[in-house]
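# predicted structure and sequence below. I'll ask about it afterward.
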Amino acid sequence: MTRLSVNVNKIATLRNARGGNNPNIVEVGLDCERFGAQGITVHPRPDERHIRYTDVFKLKDVITTEFNIEGYPDRRYLDLVKKAKPAQATLVPDAVDVVTSNAGWDTMANAALLTDICQEIKDEGIRISIFVDPNPKMVEGALEVGADRVELYTEPYATNYHRDKDKAIGDYLEAASVARAIGLEVNAGHDLDLHNLRFLKESIPYLTEVSIGHALICDALYYGLENTIGMYLRLLKDTGQE
């Protein structure tokens with residue numbers, strides 16, 4: 001079964017809008033685990049507009065499933081990851097001022113940078129996933145710089161899913177197939193939801209993990225967090241395809 005990692009950034013956004021500690025990010029993380037999520041993802045930004053750096057350590061102290069820290073690998077991020085020691089570090093090429101992630105790494109143009117960063121993180125015993133567009137060359141580049149996994153950036157898939165889902169999935173099938181052939185595990189994330197997730201899973205049954213935050217938290221406003229996590233988990237059940 002493909003693992004579900006819940007990104008709790010939006011919970012922190014809601015908390016920060018009012019100050020105080022409601023909703024409590026740690027309690028929500030524990031609840032997500034209790035409701036069946038197999039991982040918790042955070043993506044701290046330099047301005048701490050949602051997840052704070054202190055949140056990372058509070059969550060690390062209590063999370064018993066997989067803990068994944070996403071972010072642009074500047075020195076502050078690297079120091080955070082080395083101190084928190086998550087199971088996985090997901091490297092994302094975010095500019096400081098972006099609202100949300102909007103592109104994958106050019107793993108070829110940034111090969112020297114990523115090679116040094118991957119080695120530094122691997123020295124801490126942490127798995128590395130690199131956020132890439134669904135481009136076989138970028139996937140191959142991720143292997144060359146030392147990644148263990150790639151996370152396929154799925155916003156283009158989600159945007160085009162309702163127009164032509166078979167066309168929308170095409171590049172992802174090719175990129176995922178290349179990743180599998182060269183020994184990289186495949187994660188996916190960005191704008192996945194209750195409408196488009198099942199087709200992605202059926203098309204790429206060997207997906208290792210999906211990271212979902214915004215849509216899942218929005219759905220939880222209507223369905224409740226426990227029920228919503230259950231709905232996503234049911235979409236990720238294996239279909240019997242190889």
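Cool, got the structure.

# and the closest residue in space to residue 10 that isn't next to it in sequence, how many residues sit next to it?
Closest residue to residue 10 apart from its sequence neighbours, by C-beta to C-beta, 6 or more residues apart in numbering: residue 217 at 4.2 Å. Every residue, glycine included, has its C-beta placed from N, CA and C. Neighbour count for residue 217, taken as other C-beta atoms under 10 Å: 20.

# wait, is residue 217 part of a helix?
Yes - assigned with DSSP: H, G, I helix; E, B strand; the rest coil, residue 217 falls within a helix.

# checking my notes, residue 152 in a strand, right?
Yes - judged by three-state DSSP, residue 152 forms part of a strand.

# all helices of the chain, in order?
Per DSSP state H, the chain carries helices over the ranges 9-18, 25-34, 53-62, 75-84, 111-122, 136-145, 155-161, 165-182, 197-203, 214-223, 225-235.

# want to throw those into TSV with distance to residue 188 and mean pLDDT?
Shown next, in TSV, are the helices of the chain (distance: least, C-beta to C-beta, whole Å; pLDDT from 0 to 100):
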stretch	distance to residue 188	mean pLDDT
helix 9-18	17	96
helix 25-34	18	98
helix 53-62	22	97
helix 75-84	21	96
helix 111-122	20	97
helix 136-145	13	98
helix 155-161	8	97
helix 165-182	8	98
helix 197-203	6	98
helix 214-223	13	98
helix 225-235	13	98
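
# how close does the residue nearest to residue 10 get to residue 117?
Distance, residue 217 to residue 117, using C-beta to C-beta, to the nearest Å: 30 Å.

# same question for residue 185.
Taking C-beta to C-beta, one finds residue 185 at 19 Å from residue 117.

# swap in residue 65?
For residue 65, the distance to residue 117 equals 25 Å [C-beta to C-beta].

# comparing those two, which residue is more hemmed in?
Using other C-beta under 10 Å, the more surrounded residue of residue 65 and residue 117 is residue 117, with 22 against 18.

# isn't that one up against residue 91?
Yes - Residue 117 is within contact range of residue 91, at 6.7 Å (criterion: C-beta atoms under 8 Å).

# shared neighbours of those two, which are they?
Residues touching both residue 117 and residue 91 (C-beta atoms under 8 Å, 6 or more residues apart in numbering): residue 73.

# and the pLDDT at the most centrally placed residue in the chain?
Among the residues of the chain, residue 211 comes closest to the average C-alpha position under C-alpha atoms, centre = their mean, at 3.8 Å. pLDDT, residue 211: 98.

# which residue is the nearest non-sequential neighbour of it?
residue 189 (3.8 Å).

# quick one, what contacts that neighbour?
With C-beta under 8 Å, 6+ apart, residue 189 has these contacts: 7, 131, 151-154, 210-212.

# count the residues that sit near residue 46.
Residue 46, neighbours per other C-beta under 10 Å, totals 14.

# buried ones in stretch 21-30?
Buried residues in stretch 21-30, counted by 16 or more other C-beta atoms under 10 Å: 23, 25-26, 28-30.

# and for stretch 187-200?
Quick answer for stretch 187-200 (16+ other C-beta under 10 Å): 187-194, 196-197, 199-200.

# now tell me what touches stretch 150-159 from outside.
With C-beta under 8 Å, 6+ apart, stretch 150-159 has contacts from 90, 101-104, 129-134, 138-139, 142, 168-169, 171-172, 175-176, 179, 184-193, 196, 200, 211.

# those, buried ones only, as a ChimeraX selection?
A single ChimeraX command selects the buried members of the contacts of stretch 150-159 (16+ other C-beta under 10 Å):
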select :90,101,104,129,130,131,132,133,134,138,139,142,168,169,171,172,175,176,179,184,185,186,187,188,189,190,191,192,193,196,200,211
